[in-house]
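**Q** Provided below for reference: sequence and predicted model.
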Amino acid sequence: ALGRHLAGQAGGDVLLAHVAAVACATILAVVAGLMMAASTALARDLFGHVLMLGRPRERQEIAVARVAAVLVAAIAISLAIFARNLNVAFLVGLAFAVAASANLPAITLGLFWRRFNGTGAVAGIYGGLSTAVLLVIFSPVVSGGIDPITGKNRSLLPPGVDFSWFPLENPALVSIPAGFLCAVAGTYLSRDEPDPARFAALSARAVTGVGAA
């Protein structure tokens with residue numbers, strides 16, 4: 001509509017094509033990043049450090065990474081075909097909620113709290129992750145999400161299934177504070193001593209980038 005208002009039908013077509021191209025490029029970039037992360041984790045962590053006891057050859061890791069990329073792609077395509085007729089909108093909310101709930105407490109407290117330690121980071125990550133997943137399962141995006149105006153089902157499961165008790169579609173409002181609470185509790189309950197020197201080095205690297213390489 002904006003393109004047509006500015007330059008007629010041709011302007012609308014050009015702007016629509018531009019937006020569609022940006023969306024496709026963004027999706028491809030995200031998928032490529034996820035594929036690289038998954039294949040690298042399988043090749044280096046699982047194969048290199050677990051199966052090969054930390055002594056793999058570079059050629060072996062590259063071969064495993066290629067095979068892992070094909071397997072991950074095949075699994076993702078299979079799941080997409082299976083779920084093509086389902087309402088998977090809850091996956092978007094789940095992805096953002098998990099990312100915010102699991103990562104934000106650890107990153108924020110690691111940058112700004114001098115006493116924060118590894119135990120607190122693990123507690124915050126798992127606490128926020130489990131809270132987000134649990135609340136999404138019992139939210140209207142999985143069951144019981146009936147549109148009061150149209151009467152259509154907006155949940156993943158059929159209309160006859162309803163076990164939801166959490167009223168929000170996105171649990172981040174509750175799961176993010178829960179992640180922070182778990183991180184703080186894990187820090188205070190652990191016996192790890194804070195390291196002011198490491199915190200100072202991390203703060204300097206975060207601000208200036210010195211030592212990042």
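**A** Cool, got the structure.
**Q** May I ask you to name the longest helix in this structure?
**A** Ranked by number of residues, the top helix in the chain under DSSP state H is helix 2-40.
**Q** mind checking how far it is from the chain centre?
**A** With CA atoms, centre = their mean, to the nearest Å as the basis, helix 2-40 stands 21 Å off its chain's centre.
**Q** right, and the helix or strand after it?
**A** helix 58-82 (DSSP states H and E).
**Q** Counting by contacts, list what the helix or strand that that next one is followed by packs against.
**A** Remark: after helix 58-82, the chain's next helix or strand is helix 90-112, criterion DSSP H and E. Here helix 90-112 is seen to pack against helix 118-137, helix 172-189, helix 196-208 when contacts are counted using 3 or more CB pairs under 8 Å, 6 or more residues apart in numbering; DSSP states H and E. Any C-beta I mention is one placed from the backbone N, CA and C, and that applies to glycine too.
**Q** got TSV for those helices, with mean pLDDT and distance to residue 15 too?
**A** Shown next, in TSV, are those (pLDDT from 0 to 100; distance: least, CB to CB, whole Å):
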stretch	mean pLDDT	distance to residue 15
helix 118-137	92	35
helix 172-189	94	32
helix 196-208	76	39
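**Q** Rebuild those as JSON lines, extending it with mean neighbour count.
**A** Shown next, in JSON lines, are these (neighbours: other CB atoms under 10 Å):
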{"stretch": "helix 118-137", "mean neighbour count": "20"}
{"stretch": "helix 172-189", "mean neighbour count": "19"}
{"stretch": "helix 196-208", "mean neighbour count": "12"}
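**Q** The ones you listed: which one's closest to residue 1?
**A** Between residue 1 and those, the tightest spacing by CB to CB is seen for helix 172-189, at 31.6 Å.
**Q** now the angle between helix 118-137 and the closest one, please.
**A** 150 degrees (axes from the mean of the first three to the mean of the last three CA atoms, to 10 degrees).
**Q** Remind me what helix 172-189 packs against, helices and strands.
**A** helix 90-112, helix 118-137.
**Q** Make a markdown table out of those helices and add distance to residue 13.
**A** Compiled in a markdown table, those are given as follows (distance: least, CB to CB, whole Å):
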| stretch | distance to residue 13 |
| --- | --- |
| helix 90-112 | 28 |
| helix 118-137 | 39 |
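**Q** Can you spell out which helices and strands pack onto the longest helix of the chain?
**A** Using 3+ CB pairs under 8 Å, 6+ apart, helix 2-40 sits against helix 58-82.
**Q** buried ones in the helix it packs on?
**A** Within helix 58-82, the residues scored as buried using 16 or more other CB atoms under 10 Å are 61, 64, 65, 68, 69, 72.
**Q** go on, stretch 44-62?
**A** For stretch 44-62, the neighbour count (16+ other CB under 10 Å) marks 47, 48, 56, 61 as buried.
**Q** Thanks a lot, catch you later.
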